[in-house]
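# Okay, predicted coordinates and the sequence, questions at the end:
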Amino acid sequence: MKPGSYADHRPPHPTERPRRPWVVGISGASGTPYAAAVLRGLLAAGESVDLVVSRASRLTLLDETGTGFRDAHWREDLAAWLARGADGKPDTFTGGSAPDLSDVRYWAAGDLAAGPSSGSYASKGMLIVPASTACVAGVALGLSKDLLQRAASVTLKERRRLVVTVRETPLNGQTLEHLVTLDRAGAVVLPASPAFYAGATHIQDLVDFVAGRVLDAAGVAHGLYRRWEGELGGPGGSGGHGGHGGPGSHGSPGDPRVR
């Protein structure tokens, strides 16, 4: 057939697996360790990831972790960031637990012609971790001032899953109204609020709990925290049974994170 005919637009063969990534947007709010834990969880679950890092978040990332993020060297900067623990120690996640970045695609925040800017671009949904109040306002109002906001608007209009992990306190009336708007539009509003029943003994445990809840909302399997099973003083709880052995004790076998 001639180019442009129906044969050129046939659906993939059933044995082929078309790439459908999770778009992960990182805004300028404090909480970059949450984003790192979510990214590690997605990659450990074998999910494809499209990454959007806002300009403001680069400053936050540098301040919180000492790690820069450059467009031209994003892969090596991302690897260094994901290897760092929530306590700031470098190379906490290395060796057998180092994530494979081969199925990560990076889009510059100013690229409004990027794949996630269009509804015809296949994706499973979007996770904004962390979400600043400015980001929340921009998405709720449909401003689309950068790729992060545009991708979120596309996710809503296409009725895909959008998880907004707001990281701010206290919240004023305007922000609360914006969050209600997002909820009504179908987004999952998930504050970065760690719980303590899982027996946290390390800052990484608290970070992983929030990241795990984000992945729960996305329907992605993980082992980042101990789930509540209706028993007080269960494994990892207080009640005399002892806590976790430190960060990663609830993760995959052989996790080399420092106890």
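Nice, I can see it.

# Any stretches of the stretch 1-150 of the chain with poor pLDDT?
1-15, 96-98 (pLDDT under 70).

# quick one, helices of it?
When assigned using DSSP state H, counting those that start in this stretch, the helices of the stretch 1-150 of the chain occupy the ranges 32-44, 55-65, 74-82, 133-141, 147-157.

# Please apply the same query to the stretch 151-259 of the chain.
173-184, 203-218.

# and the last one, how far out from the chain's middle?
Put plainly, it is helix 203-218. 9 Å (CA atoms, centre = their mean, to the nearest Å).

# residues in contact with that helix?
Helix 203-218 is touched from outside by 22, 33-34, 37-38, 40-42, 45, 85-87, 92, 124-125, 127, 129, 161, 163, 165, 188, 190, 192-195, 198-200, 221-222, 224-225, 244, 246-248, 250-251, 257, with contacts defined as CB atoms under 8 Å, 6 or more residues apart in numbering. The C-beta positions use only the backbone N, C-alpha and C, and glycine is treated the same way.

# what about Glu229, neighbour count?
7 (other CB atoms under 10 Å).

# Apologies, that question was intended for Ser193.
13.

# Now do the same contact list for it.
Counting by CB under 8 Å, 6+ apart, Ser193 makes contact with Val210.

# Next, give phi and psi for it.
phi -120, psi 100 (degrees, to the nearest 10).

# Give me the local confidence score for it.
Ser193 is assigned 97 on the pLDDT scale.

# got it, and Ser249?
42.

# most tightly surrounded among the helices of the stretch 151-259 of the chain?
helix 203-218 (a mean of 24; mean count of other CB atoms under 10 Å).
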